[in-house]
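> Please find the sequence and the predicted model below.
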Amino acid sequence: MGIFDRIILTLYTFSLTFISLAFILMALGWLAPLDVVRASLSDPDGRWVVGIVAATFFVVSLRLLYFGFRRRYPGQTLVHQTPLGEVRISLDAVENLVRKVVRQVTGVRDVRARVLHQGGEVGVSLRVTVSPDLSVPEVSDKIQNAVKNYVRNVVGVGVHEVEIFVENIGDEVRRGRVE
């Protein structure tokens, strides 16, 4: 769900909260909202406003239902045709593989990976923290070669590029959030 849909969901939720509160207050005896609705429906221009608001809520409801029930895929996949059938490999699986191989390179303290499918190959973008006692260019070369060779051997796909962003140089291992 994108930022636009999150904004719509937030506005929709606040609107339903206020409408629910109005209904609760009407059930307790406060009838002023009913008078406003009656006045709006008796005026032709008011009916248009009520109709537009109702249609907007209907469309937003359909959109939110679509996002609630649509089938989710684990992300893009790489597809290999073999004599026995089709093999699909999730890009998330390739990202996990890349993280594993990069962590094995001496001097890497932390890594975050992003893999993108580019034609018949993949592009890898890495954010790493490296040890301060090693040469960054040497560690970068080791990482790039390890990723390129490992992905080609294990997944069977060429690596277009391995882009590395050295996020930090330090001894501490960055800990992820525990959820």
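Happy to help now that I have it.
> Contacts for stretch 63-72 next, please.
Stretch 63-72 has contacts (Cβ atoms under 8 Å, 6 or more residues apart in numbering) with Met1, Asp5, Ile8, Leu9, Tyr12. (C-beta placed from N, C-alpha, C; glycine too.)
> immediately after the worst-scoring helix or strand of the chain on mean pLDDT, which helix or strand?
Between all helices and strands in the chain, the lowest mean by mean pLDDT, DSSP states H and E belongs to strand 77-82, at a mean of 78. Downstream of strand 77-82, the next assigned helix or strand under DSSP states H and E is strand 85-90.
> Can you show me the CA trace of stretch 151-161 as CSV?
The C-alpha trace of stretch 151-161 is given here as CSV (Å, rounded to 0.1, in the frame of the first residue of the first chain):
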residue,chain,number,x,y,z
VAL,A,151,24.8,-15.4,-7.3
ARG,A,152,25.9,-16.8,-10.6
ASN,A,153,26.8,-20.2,-9.2
VAL,A,154,23.8,-20.6,-6.8
VAL,A,155,21.0,-18.9,-8.6
GLY,A,156,22.3,-19.2,-12.2
VAL,A,157,21.8,-15.5,-13.0
GLY,A,158,24.4,-13.0,-14.0
VAL,A,159,25.0,-9.9,-11.9
HIS,A,160,24.8,-6.7,-13.9
GLU,A,161,26.4,-4.6,-11.1
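> Now do that stretch: distance to the chain's middle.
Remark: stretch 151-161 is offset 24 Å from the chain centroid, using Cα atoms, centre = their mean, to the nearest Å.
> Gln144: how many residues sit nearby?
Gln144 sits with 19 neighbouring residues when counted by other Cβ atoms under 10 Å.
> Distance-wise, check Glu163 relative to Gly51.
Remark: distance between Glu163 and Gly51 (Cβ to Cβ, to the nearest Å) = 53 Å.
> do Ser15 as well
Distance of Ser15 to Gly51, given as Cβ to Cβ: 16 Å.
> And for Val36?
16 Å.
> what do you get for Gly120?
Counting by Cβ to Cβ - Gly120 and Gly51 are separated by 53 Å.
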